[in-house]
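**Q** Dropping a prediction and its sequence here:
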Amino acid sequence: MTARSIRPVRAPDVPEPPPGLYSNCLVVGDTIHVSGQHAGTPQGAVGGNSVLEQSREALRRVLILIKAAGGSANDVVKLNVYLCDMSRRADVSAARREVFAEPMPCSTLVGVSSLVNPDLLVEIEAVAVIGHGGRRTEP
């Protein structure tokens, strides 16, 4: 068994969490793990007032980190979405369709009562496998 190193990834367009709390993005082997991203800033501001706008921003940040790690949108294999208002799930789906193509990544959608800031409506985390997006095939 070979030891695999863990490589942190940072991107200037994605706010970093406070030191010692968690990592935004880690690469282990060819797998990229992206922590939950949302539309908030470290100063408490929120970009976007709707689930659609906030989903777009969360996905934008996810993809920036994945690209900084050496991957692409096609390499995303799993999304976990945390949504404060389940009646707005179609907005999350619309934002996903703007970014991903068939076969769509696996996904889990969880309804939550709140996120770290009460103005945040959605948070999205992802797993990607570098270089495997080009090998997607239909069953």
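**A** Cool, the structure landed. Residues are numbered from 1 along each chain as shown.
**Q** got the contact list for residue 32?
**A** Contact criterion Cβ atoms under 8 Å, 6 or more residues apart in numbering gives 9, 25-26, 65-66, 69-71, 75, 126-130 as the residues in contact with residue 32. For the C-beta atoms, the positions are set from N, CA and C on the backbone; glycine is no exception.
**Q** try 6 Å
**A** 66, 69, 71, 128 (Cβ atoms under 6 Å, 6 or more residues apart in numbering).
**Q** wait, isn't the first one in contact with residue 128?
**A** Yes - shown here, residue 66 and residue 128 form a contact pair, counting by Cβ atoms under 6 Å, at 5.0 Å.
**Q** higher neighbour count, these two?
**A** Neighbours were counted for residue 66 and for residue 128 using other Cβ atoms under 10 Å; residue 128 has more, 31 against 25.
**Q** That one and residue 88, how far apart?
**A** If you measure residue 128 against residue 88 using Cβ to Cβ, to the nearest Å, the figure is 25 Å.
**Q** and what of residue 5?
**A** The value you get for residue 5 to residue 88, if Cβ to Cβ is used, is 40 Å.
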